[in-house]
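*Asks:* Structure for the following, please:
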Amino acid sequence: MSRFFDRCSPMAEIERQMTMIPDFAPRGYGSTVLCRYRPSAADVDCRNCLQHRRRGCRSLTCLYLSERLEAGTVTMEELIAETVRSWKHLPLKQRAISVACRNAGFHFEGQLHIMRMTEMMKGEDSTVNSRWLAAVYLLSAHASLWQKAIAAVRSDQIDFASVRLGDCTVQDYVLYRAAKGIFSGTLGATSEELADPELVSDDTLLLVVGAAIIARYGPEVMRIGRAGQ
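*Replies:* The predicted structure is shown next:
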């Protein structure tokens, strides 16, 4: 049954007015309140958390990693542990943690890798697609792979079908597959492949883990360990 009996008749407007609260002026406009609050290090101090006790946190995983990341107080070890927690392949989890935790900050393959990422992020705002950014991070790690892939990269889009790898190295091929997979929501390469040190080098696995962290937490993770740079 419709709300008004006379919806399609001349009496529809009168009936609508009869259902209104007497002497109540309808709102003709509204206002929007924007929250620009950014947590500080003091705001996210673990000692202020309900899960914290004298000997540390009682929770198996931090409930406020995103807030702590925004405040600049989270560590790479915490992000790595939380990122690989859901991975079901135990050898890959163990190798990823062992390799990735060697660095105190976020890993880049050198200054040229940082420069390529900086160039690609020009004009991108804070709402940049994290999966796109993670894929670009992998594709731009090696100059040889980046030369083949750069023409396929557009803002928020990557045309993987147009990339011609040719006689690329095994490590470049792994990075390409991982980039293609992460862009679509998977790891790309199989867990068995990534866990095999004879097939995937430590440096390549470190890049794949870094891309997985970017895809999950966004561009802020790339600033960890690079204060003042």
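
*Asks:* So for stretch 91-107, mean pLDDT?
*Replies:* Averaged over stretch 91-107, pLDDT sits at 85.

*Asks:* My error: substitute stretch 188-203 in the last question.
*Replies:* For stretch 188-203, mean pLDDT rounds to 88.

*Asks:* What are the boundaries of the strands in this structure?
*Replies:* For the chain, the strands defined by DSSP state E occupy 52-53, 56-57, 153-154, 157-158.

*Asks:* for Glu77, what are its contacts?
*Replies:* By C-beta atoms under 8 Å, 6 or more residues apart in numbering, the residues touching Glu77 are Cys101. Quick note: C-beta positions are derived from backbone N, CA and C, even for glycine.

*Asks:* ugh, wrong one, Thr75
*Replies:* By C-beta under 8 Å, 6+ apart, the residues touching Thr75 are Ala104, Ile224.

*Asks:* Tell me, what's the model's pLDDT at it?
*Replies:* You'll see Thr75 listed with a pLDDT of 75.

*Asks:* Likewise for the one 4 residues further on?
*Replies:* With respect to pLDDT, Leu79 has a value of 84.

*Asks:* separation between the nearest residue to it once chain neighbours are set aside and Ile224?
*Replies:* Distances taken as C-beta to C-beta, 6 or more residues apart in numbering put Ile213 closest to Leu79, at 5.3 Å, once the chain neighbours are dropped. With distances taken as C-beta to C-beta, to the nearest Å, Ile213 is found 9 Å from Ile224.

*Asks:* and for the two, which residues touch both?
*Replies:* Applying C-beta under 8 Å, 6+ apart, one finds that Ile213 and Ile224 are jointly contacted by Leu79, Phe106.
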